[in-house]
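1. need coordinates for the following:
(chains A and B)
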There are 2 protein chains.
Amino acid sequence: MTITITAFERSPDGGKGLARDTRVRWALEEAGLAYEVRPVSFAAMKEPAHLHLHPFGQIPTYEEGELALFESGAIIFHIASHHPGLLPDDTNARARAVTWIFAALNTVEPPILEIVTAKFQEGDKPWSKERMPLIADRIRQRLNQLSARLGDADWLDGAFSAGDLMMVSVLLRLRPSGILDEFPHLAAYVARGEARPAYQRAFADQQAFNTRPTA
Amino acid sequence: MTITITAFERSPDGGKGLARDTRVRWALEEAGLAYEVRPVSFAAMKEPAHLHLHPFGQIPTYEEGELALFESGAIIFHIASHHPGLLPDDTNARARAVTWIFAALNTVEPPILEIVTAKFQEGDKPWSKERMPLIADRIRQRLNQLSARLGDADWLDGAFSAGDLMMVSVLLRLRPSGILDEFPHLAAYVARGEARPAYQRAFADQQAFNTRPTA
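-> Here you go, the predicted model:
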């Protein structure tokens, strides 16, 4: 069955790989699955056809036969559940890998996204600049804890899993801020993720997609 | 095997059920599982013994034999995966229910938690009050979309699932703000969740726990 995901018609980052379709592309590449990408414009995202797929009017979505999913966490968990290579076989190890997917999305990503909110939704407010160091400190608190847990291990819990895929994807969003480089263990962890052939293919594909000539 | 979860030694909300152990208690009650609760003080949360269980120094955690988990999403997904009643049997319906767990935690909860950040971490800043209406509008945007999807259905996708349990739990945190009452469909949805006998037991237990006499 053909797998189709949606992506920004043109990502606001110009192809730096920070939009959420990149993490889904990465998971599909790790699982060795072919897929198609349907571009969605910002206008189309708020229209009924897309809202039917994604009630919050965002990307990515995932379609496979009769199944339609949204939320990158749910999509990656679905891919990882049905194809080898992204979740351990052992039941307990599997539950722990799933825990890291949730930790990436619900504990590490929210303070990172505060940067986006501060810049793009409150960028014209008088407090915008003054809040940035406070947001950065909240991010550093999380990264300190994450770095302490990772230590000098390659991945968060044994072999590479969908939990690492998600955590690396979330941490990558920090690169423009410079904060990631303050944590050498985490910077090396992210670099290990980026070095995986599946990530390289996913990155190259999203870059080509986002820099393709306009029709 | 005994299931042990952790909770605040005394919840900052004084037993209103807004701490994250309540949603785990609710899932355990839906699954008909007995469990023990170990209180953790704010000081102990930052100590090595607890950080070993929860790298970000929060509650709840979940222990069952050799398995130790953190993140309410992962814990509830684990419970729902191993006991009937919280996830549909059909593969596609199951993937969609999991999608709502992620949507609750990653799309709906982050703007709601901005209220907490603004009040408790930036409450002494000159911009604190002026930001509140902006935060409230971002929450309203999400609730509008969620309400449009729910319509006048009882639950988000067919029968009650762990996705509804998580979404109701996240929306409950909004009640003190008054914003939930602006959305009658969502307010009724939350009330349906609260009316479930399993929720009632979970709520009563956390309330008794948080108002017990000190030693």
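2. next, the angle helix B:109-116 makes with the lowest-mean-pLDDT helix or strand in chain A.
-> Least confident helix or strand of chain A, by mean pLDDT, DSSP states H and E, is helix A:109-116 with a mean of 91. Here helix A:109-116 runs at an angle of 70 degrees relative to helix B:109-116 (axes from the mean of the first three to the mean of the last three C-alpha atoms, to 10 degrees).
3. quick check: buried residues in helix A:109-116?
-> Across helix A:109-116, burial judged by 16 or more other C-beta atoms under 10 Å in any protein chain shown covers A:109-112, A:114-115. Backbone N, C-alpha and C define where each C-beta goes, glycine included.
4. what about chain B: which of the residues you listed touch it?
-> With the criterion set as C-beta under 8 Å from any C-beta of the partner chain, the members of the buried residues of helix A:109-116 near chain B are A:109-110, A:114.
5. do a quick rundown of the helices in chain A.
-> Assigned by DSSP state H, the helices in chain A fall at A:21-30, A:42-45, A:48-53, A:72-82, A:91-103, A:109-116, A:128-150, A:162-172, A:184-195, A:197-210.
6. helices or strands up against the fifth one?
-> For helix A:91-103, the helices and strands in contact under the criterion 3 or more C-beta pairs under 8 Å, 6 or more residues apart in numbering or on different chains; DSSP states H and E are helix A:72-82, helix A:162-172, strand B:67-70, helix B:72-82.
7. turn the helices of chain A into CSV, including distance to residue B:146.
-> Listed next are those as CSV, based on distance: least, C-beta to C-beta, whole Å:
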stretch, distance to residue B:146
helix A:21-30, 22
helix A:42-45, 16
helix A:48-53, 11
helix A:72-82, 16
helix A:91-103, 20
helix A:109-116, 18
helix A:128-150, 26
helix A:162-172, 23
helix A:184-195, 32
helix A:197-210, 29
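8. tell me who's in contact with residue A:36.
-> When contacts are counted by C-beta atoms under 8 Å, 6 or more residues apart in numbering or on different chains, residue A:36 touches A:2-5.
9. out of those residues, grab the one that's most surrounded.
-> Within those, most neighbours by other C-beta atoms under 10 Å in any protein chain shown means residue A:5, with 21 neighbours.
10. retrieve the pLDDT associated with residue A:215.
-> Listed pLDDT for residue A:215 reads 63.
11. likewise residue A:54?
-> pLDDT, residue A:54: 97.
12. cool, and residue A:207?
-> 96.
13. and what of the one 3 residues further on?
-> Taken from the predicted model, the pLDDT recorded for residue A:210 is 95.
14. tell me the spacing between it and residue B:83.
-> Per C-beta to C-beta, to the nearest Å, residue A:210 is found 44 Å from residue B:83.
15. and those two? Which one has more around it.
-> Ranked by neighbour count (other C-beta under 10 Å), residue A:210 and residue B:83 place residue A:210 first, with 22 against 15.
16. need the phi and psi values for the nearest residue to that one once chain neighbours are set aside.
-> Closest residue to residue A:210 apart from its sequence neighbours, by C-beta to C-beta, 6 or more residues apart in numbering or on different chains: residue A:15 at 3.5 Å. Taking degrees, to the nearest 10, you get phi 100, psi 20 for the backbone angles of residue A:15.
17. residue A:15 contacts residue A:204, correct?
-> No. Between residue A:15 and residue A:204 no contact is recorded; they are 9.8 Å apart, counting by C-beta atoms under 8 Å.
18. walk me through the domains of chain A.
-> Listed domain ranges for chain A are A:3-85+A:198-210, A:91-196 (source: automatic domain parsing).
19. ok so, going back, and residue A:15 and residue A:204? Which one has more around it.
-> More neighbours surround residue A:15 than the other of residue A:15 and residue A:204, with 18 against 13 (other C-beta under 10 Å).
20. any idea how far residue A:82 lies from residue A:62?
-> As for residue A:82, its distance to residue A:62 is 12 Å (criterion: C-beta to C-beta).
21. for the two, indicate the residue with more neighbours.
-> Set residue A:82 next to residue A:62 and count neighbours by other C-beta under 10 Å: residue A:62 wins out with 28 against 14.
22. quick one: residues contacting that one.
-> Contacts for residue A:62 were tallied using C-beta under 8 Å, 6+ apart; they are A:3-5, A:24, A:68-70, A:75, A:78.
23. repeat the analysis, applying 7 Å as the threshold.
-> Neighbouring residues of residue A:62 by C-beta atoms under 7 Å, 6 or more residues apart in numbering or on different chains: A:3, A:5, A:24, A:69, A:75.
24. tell me what the first one is bridged to.
-> Think residue A:3. Going by DSSP bridges, residue A:3 is paired in beta bridges with residue A:64.
25. how close does it get to residue A:62?
-> From residue A:3 to residue A:62 the distance is 7 Å (C-beta to C-beta).
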